[in-house]
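**Student:** kindly generate the corresponding structure for this input.
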Amino acid sequence: MPSQSAPGDPLSYPTHGFPNVAIDVFTAAEWELLVRLPGRVIVAATHTGTPGRTVQEGLAGLEAMAAGRSFDSDLVRAVVAAVYAERLPNGPTRPAGDLLDECRAAVRVLGNRADPADSAAYRQWVQSIAARVCAGGRGARGPAAEQLGPVDRRFLADLGHALGMV
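**Tutor:** A predicted model of the protein is given here:
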């Protein structure tokens with residue numbers, strides 16, 4: 001009889017279609033954090049800076065999230081696949097905490113369990129999602145940092161620090 005994953009284990013839900021990444025190194029709570037964080041960044045970035053952000057900015061964030069499918073990181077591709085497949089463990093979800101605290105928690109998880117290259121790729125990907133939203137969806141990279149408002153620049157700087165990018 002084949003072994004079965006325990007309830008709450010990241011592998012207790014279907015993994016068909018996931019890129020070849022050892023997601024079993026993460027606990028269910030850690031995997032949920034990594035999968036939900038990019039969406040939380042989109043929401044936070046759309047509520048930061050310029051008042052009246054529209055659907056265009058949110059769509060830019062989703063486009064940046066989807067761009068993770070072409071990253072040279074099995075981890076990022078697996079997270080994107082999980083986001084779009086909505087493959088998270090069943091059961092109660094963790095309450096949403098402070099975004100920067102969640103980013104710092106993700107950095108700790110990645111530092112403890114992920115390949116350094118995958119960790120760097122994930123953190124850069126999450127930062128790029130926020131940058132695309134703050135840029136208002138203009139162009140592939142949006143405006144230069146100097147063209148962003150001070151609130152957006154501060155948000156991106158704080159996020160970068162929390163992700164260990166600076």
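**Student:** so which strand or helix has Ala130?
**Tutor:** helix 116-134 (DSSP states H and E).
**Student:** state the mean pLDDT of that helix.
**Tutor:** For helix 116-134, the mean per-residue pLDDT is 95.
**Student:** list the helices and strands that helix packs on?
**Tutor:** Helix 116-134 sits against helix 28-46, helix 55-66, helix 74-85, helix 99-113, helix 150-162, with contacts defined as 3 or more Cβ pairs under 8 Å, 6 or more residues apart in numbering; DSSP states H and E. Any C-beta I mention is one placed from the backbone N, CA and C, and that applies to glycine too.
**Student:** can you list these in a markdown table and add mean pLDDT, distance to Ser128 and mean neighbour count?
**Tutor:** Shown next, in a markdown table, are the helices and strands packed on helix 116-134 (pLDDT from 0 to 100; distance: least, Cβ to Cβ, whole Å; neighbours: other Cβ atoms under 10 Å):
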| stretch | mean pLDDT | distance to Ser128 | mean neighbour count |
| --- | --- | --- | --- |
| helix 28-46 | 91 | 10 | 21 |
| helix 55-66 | 89 | 6 | 18 |
| helix 74-85 | 91 | 11 | 21 |
| helix 99-113 | 96 | 14 | 17 |
| helix 150-162 | 93 | 10 | 17 |
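**Student:** save those as JSON lines, and put in distance to Ile129 too.
**Tutor:** As requested, these are arranged in JSON lines below (distance: least, Cβ to Cβ, whole Å):
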{"stretch": "helix 28-46", "distance to Ile129": "5"}
{"stretch": "helix 55-66", "distance to Ile129": "4"}
{"stretch": "helix 74-85", "distance to Ile129": "11"}
{"stretch": "helix 99-113", "distance to Ile129": "12"}
{"stretch": "helix 150-162", "distance to Ile129": "10"}
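**Student:** could I get the phi/psi values of His47?
**Tutor:** phi -100, psi 10 (degrees, to the nearest 10).
**Student:** pLDDT score assigned to it?
**Tutor:** So His47 comes in at 83 (pLDDT).
**Student:** returning to that earlier point: where does the helix holding Ala130 sit relative to the chain's centre, distance-wise?
**Tutor:** 7 Å (Cα atoms, centre = their mean, to the nearest Å).
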